[in-house]
Structures are given as structure tokens and as C-alpha cells.
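>>> here's my sequence, what's the structure:
(one chain, ligands or ions: 1)
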Amino acid sequence: MQLTDLNWPAVHALSKDTPVVFPVAALEQHGHHMPLFTDSMLLGEIVRRSAGRLGDRVLWAPLMWLGNSDHHLDFAGTLSAAPRVYLDLLNGLVENFLQHGFKRFVFVNGHGGNDVPGRQATFELRQRHRNRSDLLLLFATYWSLGGEPWKTEPSLQQRQMGHACEWETSMMLRLNPQLVGELKKLQTVESGHNLEPAVRAWITKERTVPGHIGSPQLATAEKGEALFQTFTDDVVKLLERVIGWDGKSWR
Ligand SMILES: [Zn+2]
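Predicted coordinates for the structure are as follows:
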């Protein structure tokens, strides 16, 4: 069920236990070979597939394409909501729907830079509404929901999401191959750093010259289809758990 297609009395009439999903992505550099709108296009496809399976059990807000991408601003074309602006934006979206009476909220995220402010926003919301015992506030990044796509597609080499990498490039080859540039000359950019397990603050240009992190030269459309299937399954499973939540308990 798409919020964009409903009129206000129809929204008013919905069960307020209907989960409200805010897909959040970005518009930022994705190396020499991928379009700036990569994260929004890939998440849009996962949303499209998931929405088709969940029908009218979930209310989908339109995808928020502006993300927190300040760490990519050294690369031309990137648009970003600065971290504190982005925190207020996410808080505000949920506050709007609290006003409309809804109680179950899920941010489904398709961009790494949204992760820290997204978690922060959900914790701020919970603390601000500490008198409520009927709220569910979730932030979920689609590639971090437990899926192991290499089990269905053993040719996948990466074991985690990078940036404009084997995984993202494969999905774009599946979705919009005409937007993918030359891959043959691209080389792997490793993602690790030598001070793990500490969390080290970073900006993108200190980790990669071309802009990608990972191995885009290994991408294929077949891998992309396997990735879309795994990630869609994970999002649908999560939202079915949200639908099945009893409305009050921690478990
Ligand atoms: Zn991306």
C-alpha cells in the first residue's frame, strides 16, 4: 500500500497497527562506473518487490532519496543532508505519523551513511515518547538483516557490502545495465583498516581514489538477481515480524 496513492480519509481509516515504512537512501558518488542515484534505485527495487509481496498489510512512504552523505562531498555531484539535519528529518517523519495515530515504524535503509544518524533518531524518538508503551521503532539496513547471498550464489566473492562494489554493481547490472560503465579496468579496493576493532571515523577520499570500495569488476546481472532475492526475503521477513508484534511486549 503506497502512501502516495491514498487520500487522507483512507489513511485515517487504516488500522493504526499498520506498520509504516520509510525507505531511506541517498544520492552520492558511486565511483567511475555507477550513477549517483545508485542507492535510491537499488532500495527502490527492493521496496517494489517487498511491497508486491506484503500487499495492504504495510503502508509505504515514498523513498527519501536525500541521505547523510557528507563523507562523499569531495566527489562531484553528491547531495547530502548534514548529520544533524538528517537526524531532524528522520525524527520529523515519524513525529508526523505519530500525530496521525500510527505506532509501528520501520526505516528500511539502503545507504551506509544513514546508519549512525538513523539509529540515533530512533533512540531519540523512543526517549522523547517514554510515556508510551505501544511504540515500535526500528531502523534496518537491508544488507545487514542476516542474509547470506553467497549461499544461493556461490560465485559471489565479497562477504559484506562495500561501495559501488561487486554487490551494488551486480544489482545495477540486473536493474539498469545501461547505467553501468566499463568494469574491466577497475581494481579491488580493500575495505579494512589497521586499527580495528576500534571504530575509526573516516571520509571516503582517504579510503579510495576512484570512489568504489570492494570489487566491482566481479559484478554480473545473475549475482544481482540473487542479491535482490536475498535482500527482499530479509525485508519481507522483518516486516512480517513487525505485523505479528503483539503491540506491547519486548519479545
Ligand atoms: Zn551505495
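>>> how close does E182 sit to K205?
22 Å (CB to CB, to the nearest Å). Backbone N, C-alpha and C define where each C-beta goes, glycine included.
>>> so those two - more neighbours on which side?
K205 (14 against 9; other CB atoms under 10 Å).
>>> burial count for the closest residue to that one other than its chain neighbours?
Closest residue to K205 apart from its sequence neighbours, by CB to CB, 6 or more residues apart in numbering: D74 at 4.4 Å. By other CB under 10 Å, the residues close to D74 number 13.
>>> tell me which stretches of the stretch 101-250 of the chain form strands.
104-109, 136-141 (DSSP state E, counting those that start in this stretch).
>>> need those strands in a markdown table with mean pLDDT, can you?
Formatted as a markdown table, the strands of the stretch 101-250 of the chain follow (pLDDT from 0 to 100):
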| stretch | mean pLDDT |
| --- | --- |
| strand 104-109 | 98 |
| strand 136-141 | 98 |
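>>> most tightly surrounded among the ones you listed?
strand 104-109 (a mean of 24; mean count of other CB atoms under 10 Å).
>>> quick one: contacts of that one?
With CB atoms under 8 Å, 6 or more residues apart in numbering as the test, strand 104-109 has contacts from 17-25, 43, 46-47, 90, 94, 97, 114-115, 118, 121-122, 125, 135-142, 235, 238-239, 242, 245.
>>> show me what counts as buried in the lengthiest helix in the chain.
When the chain is parsed with DSSP state H, its longest helix is helix 221-244. Buried residues in helix 221-244, defined by neighbour count with 16 or more other CB atoms under 10 Å: 221, 223-236, 238-239, 242.
>>> how about stretch 18-32?
By neighbour count on 16+ other CB under 10 Å, the buried set for stretch 18-32 is 18-31.
>>> where along the stretch 51-200 of the chain do the helices fall?
Applying DSSP state H, counting those that start in this stretch to the stretch 51-200 of the chain gives helices spanning 83-99, 115-128, 166-175.
>>> can I get the ones you listed in JSON lines including mean neighbour count, distance to L36 and mean pLDDT?
Formatted as JSON lines, the helices of the stretch 51-200 of the chain follow (neighbours: other CB atoms under 10 Å; distance: least, CB to CB, whole Å; pLDDT from 0 to 100):
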{"stretch": "helix 83-99", "mean neighbour count": "16", "distance to L36": "18", "mean pLDDT": "98"}
{"stretch": "helix 115-128", "mean neighbour count": "17", "distance to L36": "20", "mean pLDDT": "98"}
{"stretch": "helix 166-175", "mean neighbour count": "25", "distance to L36": "12", "mean pLDDT": "98"}
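>>> would you mind giving those helices as CSV with distance to P62 added?
CSV is the format used below for the helices of the stretch 51-200 of the chain (distance: least, CB to CB, whole Å):
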stretch, distance to P62
helix 83-99, 11
helix 115-128, 17
helix 166-175, 18
